[in-house]
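quick check, what structure comes out for this input:
(2 chains)
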Amino acid sequence: MARTEVSIRIGGAAGDGVASTGEILGKTLSRSGQHVYAYNSYQSVIRGGHVWFQIRGGKDPVLYVGQHADILLALDKRTIEVHAPAMGKGGVIIFDPTKVKAEEGEVPAGVRLCPMPLYELAKEFSSNPIMANTVALGAAMQFIQAPVAKFKEVLEDQFGHKKADVVDANLKAAEAGIKYAKEKWGPLDFALPYSDKKRIFVTGNQAVAIGAMAAGCTFYSFYPMTPATSIGQYFADNGPAMGVVVKQCEDEISVINMAIGASYGGVRAACGTSGGGFALMVEALGMAAMLETPLVVALSQRTGPSTGLPTKTEQGDLNMVMGAGQGDYPRIVLAARTVTEAYESTVRAFHLADKWQTPVLILVDTLLSEHFETNEEFPMETVVIDRGQLIKHGGGDELHGQEFLRYKLTQSGVSPRIVPGIEGGNHIAGSDEHDEDGTLISDVRAGLPDAIEMRIKQMDKRMKKLDGARHDLRLPERIGPKSANLTLVSWGSTHGAVREAMAMLKKKGIEIASIEFSDIYPLDAKQVGDLLRGERFTLMIEANYTGQLERLIRAETGWFPNDTLHKYDGEPFWPEEIVAKVEALLNSKKVTQ
Amino acid sequence: MMATTPITLKDYKVETSPTWCPGCGDYSVLAGVTKALATMGKHPKDVAVISGIGCSSNLPHFLKAYGVHSLHGRSLPVAQGVKLANPDLTVIATGGDGDGYGIGAGHFVHAMRRNMDITYVVMNNEIYGLTTGQTSPTSLIGHKTKSTPRGNVEQPVNPIGLALMAGATFVARGFSGDAKSLATIVQQGVEHKGFSFIDVQSPCVTYNKLNTYDWFRERVYNLQEKGHDPANFGLAVERAIEWPTTGPEDKVPIGVFYKTHRPTYEEQDPAYAHGNPARRAKLGVSAEQRKALMAGLY
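Predicted coordinates:
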């Protein structure tokens, strides 16, 4: 039976154009009716090393990138050494024998070597050796019979009419590759259902930026740090035309303080970083909560501790996020399982920040931030923007008093907020403990009876927000049979591997359940505890060493899982690893059948 | 208070009294700032005063304005954020020497090269006051403080020199003992379009027994009275290095060292073509904007 799904891997050294070549192929497929998932595996170097871009796509939606490759574009010898073992019968390896030496005996049985004069063929169209990638891309497209017209569309959109010569040269180079491969080997047994249905090809970080814009964010500050940089990059490219002020700052301390200033100034403001940058933001995060100024912080986790593995993935910053800052203050923590959910969580983050006037964190990770997925267009214009208790005009009742009570004690803990420029609302938002009108109670009044009373009231007011916000958060999603023998518990981007593992197990006749967290905190201890305690045997899966969400759930509910699977090698979870663990558990006496 | 009534000093009055020690130099700065704002006819609703942490950073609580009393050293990032959100506001950042030249020194340098239209007033007393008398980034060599009981051995920061090199477009020094010229300098700073930096020698009467009012009175001279040309960068540098230096500390210039014009950050950011971000009538994106964004993802 012809295959309706394909995995294509492009490997080479940094600087070889691996990612851009892969992106063009991914977009070609996503424009021709295929579901695509792609992941760029790279290193913290600009030139050299070894990088690869994997695309998996086809008729059905794909949730993870796959470890297997059907077609390998080897731009160097190392690619064959590293990736040929991931190939099976029917696989092909495209390479240029003048650059890469490869023998039949070096690759698994049934894998075909397809040597091509990539550089020689490319020379006719460009003096840039990168053009050889396009020739190889042509060969790959030939093997899967991808529509060249869609490839042309991608090039035209990428280079525009100003660079018609670049489009033309690439098209001719691809056609040369197609012709060569067709004459020599012909197509492989793929039957991808090509159509004119096109989908966007988008990363988690782009979805965060797009979600922010949809929510009316007009200020984003950042300091470059992998893997969060591309949120800022997307904003820098697209923000100004949408009226978004995008500011790269001198450090992450400035980043978050500027965002807080912008929020106080009246706009929906956000900032983004990775763990190291977030560590510098900690003091100001508490200030946002103390000033009761809405703030959205996107945190893309990478492999820690310290500088760690900058380009690799981990779910290792939840402890830091939960513990960030001196004293107790309300914070809301959201995660996202998919690119679509990264968009949704971001939109919701702005609403929650305005509603509860406190910082909201969006936790993503390298895998979610940087992988591409095909998606339907985000319905940005349908987002309803509610800024919560924000006084937009002067003259209202709240402004007729002697002093504007910015920190008025209320039932919900939220007080009407006002921004500069409105008469009658003058107040100072202070990081010191304060009275209802913002006056300090930290200096000449501290320790006096009225100040002690006000301190307690202001603390209670702020912390009360958690009680309300808890009801705005989504409970974890549970899927699978009610009385499953085994239930996986996971959060965030691990979702893809979990779902694929469940599908693999189902094919083997094993049905398990899954409980997946996207919203993290404040957690509804009663409902979450009841849900988890209702499972027969739980296996908690986290991409970190200590089980950071497990610890949080245990602290909040007293529940803990029957077993755990932790991964901290920097690579995403592979479904096969989950399948192996589940099968081992089911075969052991631990799980009662 | 009607919008048509002229603004006076009374409009900036609040009930909260300053908590500074009697005789503190910061009183003159508060008076200078409010006088400048009132004289310029600025309505308190359009003014945001942003401070860090320290004795002098309590200043925003003592006048009627909007503002943020932020974290130690972070007044400038917060102030820049407020300005970027609503460029129509008059934004003034205030703080002390520890706040601005110590923990916030990084922000100080970058804010000046950015040239946003804000005013930064530093109440410089060469000591950490609120923590009861430790050495500061501007403490003079040999100054015996609680943390340098054998005398400070570190060269003091030269804020004026630093500001000139970092690209501030208005650089001045005031002295709390000369309230009249201080108010004039602050007003010039607020009126200046671009980043205006004013270092104010604001004596700490409790913890700095070296740099007292009398110490300054023996040394200060007014640049403008001596005919200094603030358009001349080279001469500004010459005056800047007169104090603090390693040489004889006998001259402390006050007045405007340098003033020039460069486009402000706000004038150059394309986002403002869409209007003041804080005053947009409608937030979010239209179907057309969504289509344009999505087109880039195919």
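
contact partners for the residue in chain A that chain B sits nearest to?
Residue of chain A nearest chain B, by Cβ to the nearest Cβ: residue A:261 (2.3 Å). Every residue, glycine included, has its C-beta placed from N, CA and C. The contact partners of residue A:261, by Cβ atoms under 8 Å, 6 or more residues apart in numbering or on different chains, come to B:50, B:68, B:77-85.

show me which residues of the stretch 301-450 of chain A sit near chain B.
Within the stretch 301-450 of chain A, the positions lying close to chain B (Cβ under 8 Å from any Cβ of the partner chain) are A:377-381, A:383, A:385, A:394, A:403, A:419-432, A:438-440, A:443-444.

what about the residue of chain A closest to chain B, which helix or strand?
Residue A:261 belongs to helix A:252-265 when assigned by DSSP states H and E.

next structured bit after that helix?
Counting by DSSP H and E, the next helix or strand C-terminal to helix A:252-265 is strand A:268-273.

quick one: strands adjacent to that following strand?
strand A:217-222 (parallel), strand A:295-303 (parallel) (DSSP bridges).

with mean neighbour count and mean pLDDT added, can I get these in CSV?
Shown next, in CSV, are the strands paired with strand A:268-273 (neighbours: other Cβ atoms under 10 Å in any protein chain shown; pLDDT from 0 to 100):
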stretch, mean neighbour count, mean pLDDT
strand A:217-222, 29, 98
strand A:295-303, 29, 98
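
and the helices in the stretch 401-550 of chain A?
Ranges of helices within the stretch 401-550 of chain A are A:449-472, A:495-507, A:525-533, A:548-557, based on DSSP state H, counting those that start in this stretch.

among these, which is nearest residue A:202?
helix A:495-507 (15.0 Å; Cβ to Cβ).

may I see the buried residues of the closest one?
For helix A:495-507, the neighbour count (16 or more other Cβ atoms under 10 Å in any protein chain shown) marks A:495-502, A:505 as buried.

now do the contacts for residue B:287.
Counted by Cβ under 8 Å, 6+ apart, residue B:287 has contacts residue A:381.

sorry, back to before: drop anything exposed from the residues of the stretch 301-450 of chain A next to chain B.
A:377-378, A:380, A:383, A:403, A:419-432, A:438-440.

and residue B:93, helix, strand or coil?
Using DSSP: H, G, I helix; E, B strand; the rest coil, the secondary structure recorded for residue B:93 is strand.

please report how far it lies from residue B:75.
With distances taken as Cβ to Cβ, to the nearest Å, residue B:93 is found 4 Å from residue B:75.

and what of residue A:86?
55 Å.

which of those two has more residues huddled nearby?
residue B:75 (36 against 17; other Cβ atoms under 10 Å in any protein chain shown).

now do the same contact list for that one.
B:50-52, B:57, B:93-95, B:99-100, B:104, B:120.

just the ones in strands from the buried ones among the residues of the stretch 301-450 of chain A next to chain B, please.
A:428-430 (DSSP state E).

neighbours of residue 43, how many?
Since you didn't name a chain, this refers to chain A. Neighbourhood size, residue A:43 [other Cβ under 10 Å]: 15.

should've been chain B
By other Cβ under 10 Å, 17 other residues sit near residue B:43.

how is the residue of the stretch 1-150 of chain B found nearest chain A assigned, secondary-structure-wise?
Here the stretch 1-150 of chain B gets closest to chain A at one residue, residue B:81, 2.3 Å apart by Cβ to the nearest Cβ. Assigned by three-state DSSP, the conformation of residue B:81 is helix.

in contact with residue 78, which residues?
Unless you meant another one, I'm taking chain A. A:11, A:13, A:50.

the chain in question should be chain B.
A:257-258, A:260-261, A:264, B:50, B:68, B:70, B:93.

compare those residues and tell me which is most surrounded.
Top of the contacts of residue B:78 by neighbour number is residue B:93, holding 36 neighbours under the definition other Cβ under 10 Å.

done for today, thanks.
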